[in-house]
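Undergrad: Below are the sequence and a predicted model; questions follow.
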Amino acid sequence: MDINEFVKQVKNKEIDIVEHTKQVLAKCKKINDEYHYFNEISSELALSQAQNLKKNPVGRLAGVAVSVKDCLCVKGVQSRGGSAVLNGYKPVFNATAVQKLIDEGAIIIGKTAQDEFGFGSFSTNVGNGLDIPLNPFDKTRACGGSSGGSGGITQVADFAHVSLGESTGGSIVAPASFCGVVGFCPTYGRVSRYGLMDYANSLDKIGAMTKKISDTALVQELISGYDNKESTTLNSPVDKYSDWLSQDVKGQRIGIIKECFGEGVDEQVSKHVWNGIKKLEDAGVKYDEVSLPLVKKYGVETYYLIAMSETSTNLAKYCGMRYGAHDKLKEGFNDYFSKVRSKNFGKEAKRRIIIGTFARMAGFRDAYYMKAMAVRTKIINEYKSHFKKYKALVSPTMPILPPTFKEIEKLTPLQNYMMDIMTVGSNLAGMPHVNINVGKSNGLPVGMLMTADHLKERRLFQLGGVFEK
């Protein structure tokens, strides 16, 4: 159902929101048994919110079900970031983005499955004891990562629903592509990170996943804006994104990133993305091919050096003393910390801690981390040079169709990391980007990625509106 129409019916009391919420929760439990999209279904919270809303149905999202990636804090609901090291942790506050949606009448239905702390491209690196989410089009295939549960439930939900995801290197648009939904990642700092379990502080961003870009525009508008609780949020006006969906695109000029259509990109992916480009052309958009040689040559390496260095620091706080998993203190503190962390961190988390710690050690910091930061600045400038002429840059979102779990098992860690080749550039640069579904190949969805300049989210909604029309 269209979200605006649903909200209207809730406010007119044409829908009994408590009964509707009970039905939604029952559907989610059934879906979860089959597809594993939730780490936690928050039935008690959802019904409490529905009962309050029934008395006073207000807000632009009144009664809309919202699923939240597990790394975003929801007060009183187990929130683990997809990791066993936080088993039992129930935050005493809401993340700012979550609170803003609650203030608009949204109902929080649960915490979605993800790669542990966001460490992956397929949502197969889930924490110890947690289930891997399955692709909604083929249960033998991956949802994409790391916000895999958010992408999956967004596709299968037959009720008014949006999901909050989080991206460090492509973790919103990648699962959106593999699950055939809209995934939006804003400018870094556009949405407050307060209440987010950080992966890499200089890269993390919070965005919406929905079936329609008009719904995405509404949610992004609601969660964006300055937050005095979080020092990296930008204190600049938020556009009315919904207004841009109907704006004429005739005469707009976009750049097609030529490196993203070459070797290693599935032919069917290229074909469908070009079909999407032709649809923009039919609406009056002009395009040229452009080149991003620095992103192609150094993007993945730069991203992983920065991300792993920052995450090795961030994960130090998960030591089994203050929150989450605990054990009996029999030895000294060092032995205790090692025991808790060894037992509760997954293989990929341990790998990233070790690599990141090495890259920022004395004697290696200048050679690796600082050099990666310098290259990052050059990558930002490379993007900026194109935005002097083009409103957006376009490429496939993922180079392949959703892979099977057997195919993923055969990949080396490096091959896993290379799956982010299309998405790391815009994330390193902190620029807004969106995945738009542009068709299916053999029943599997294909996504097109559009990237705009800092704080130019409205351009993406303007171009994205073509596909909704």
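TA: Received, thanks.

Undergrad: Pull the number of nearby residues for Gly332.
TA: Here the neighbour count serves as a burial measure; for Gly332 (other Cβ atoms under 10 Å) it reads 9. Heads up, the C-betas are built off the backbone N, CA and C, glycines and all.

Undergrad: likewise the one 5 residues further on?
TA: Burial of Phe337, expressed as a neighbour count using other Cβ under 10 Å, amounts to 17.

Undergrad: what residues are up against it?
TA: Going by Cβ atoms under 8 Å, 6 or more residues apart in numbering, Phe337 touches 319-321.

Undergrad: Wait, a helix at Glu263?
TA: No: in this structure, Glu263 is coil, not part of a helix, as judged by DSSP: H, G, I helix; E, B strand; the rest coil.

Undergrad: Just the buried subset of the contacts of Phe337, written out for PyMOL, thanks.
TA: This is the PyMOL syntax for the buried subset of those, where burial follows 16 or more other Cβ atoms under 10 Å:
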select buried, resi 319+320
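
Undergrad: possible to save the contacts of Phe337 as CSV with pLDDT and secondary structure?
TA: Converted to CSV, the contacts of Phe337 look like this (pLDDT from 0 to 100; DSSP: H, G, I helix; E, B strand; the rest coil):
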residue, pLDDT, secondary structure
Cys319, 90, coil
Gly320, 89, coil
Met321, 87, coil
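
Undergrad: Pull out the buried positions in the lengthiest helix in the chain.
TA: Of all the segments of type helix in the chain, defined by DSSP state H, the longest one is helix 293-314. Of the residues in helix 293-314, those buried by neighbour count under the rule 16+ other Cβ under 10 Å are 294-296, 298-300, 302-312, 314.

Undergrad: which other residues reach that helix?
TA: Judged by Cβ under 8 Å, 6+ apart, the contacts made with helix 293-314 from elsewhere in the structure are 117, 119, 168-169, 198-203, 259, 352-357, 359-360, 368-369, 372-373, 375-376, 378-379, 382-383, 417-418, 420-421, 424-425, 427-428.

Undergrad: Tell me which stretches of the stretch 301-450 of the chain form helices.
TA: When secondary structure is read from DSSP state H, counting those that start in this stretch, the stretch 301-450 of the chain shows helices at 333-344, 347-359, 369-387, 405-409, 413-418, 424-428.

Undergrad: got the residue ranges for the strands in the chain?
TA: Listed in chain order, the strands of the chain (DSSP state E) span 38-41, 65-69, 107-112, 134-135, 138-142, 161-167, 182-185, 205-210, 253-257, 286-290, 392-396, 433-441, 444-451.

Undergrad: how far out from the middle of the chain is the longest helix of the chain?
TA: Mean-position distance between helix 293-314 and its chain equals 18 Å (Cα atoms, centre = their mean, to the nearest Å).

Undergrad: Next, the angle from it to strand 392-396.
TA: Going by axes from the mean of the first three to the mean of the last three Cα atoms, to 10 degrees, helix 293-314 is angled at 80 degrees with respect to strand 392-396.

Undergrad: Quick test: name the residue nearest the centre of this structure.
TA: In the chain, the C-alpha nearest the mean C-alpha coordinate belongs to Ile172, at 2.5 Å (Cα atoms, centre = their mean).

Undergrad: Please report how far it lies from Ile132.
TA: Ile172 sits 19 Å away from Ile132 when distances are taken as Cβ to Cβ, to the nearest Å.

Undergrad: Need the pLDDT of Glu230.
TA: The confidence metric pLDDT takes the value 97 at Glu230.

Undergrad: Give me the distance between it and Asn201.
TA: If you measure Glu230 against Asn201 using Cβ to Cβ, the figure is 11 Å.

Undergrad: what do these two both touch?
TA: Taking Cβ under 8 Å, 6+ apart as the contact definition, Glu230 and Asn201 share the neighbouring residues Arg193.

Undergrad: related to what we said a few turns ago, narrow the contacts of helix 293-314 to those that are buried.
TA: Among the contacts of helix 293-314, those that count as buried by neighbour count (16+ other Cβ under 10 Å) are 117, 119, 168-169, 198-200, 202-203, 259, 352-353, 355-357, 359-360, 368-369, 372, 375-376, 379, 382-383, 417, 420-421, 424-425, 427-428.
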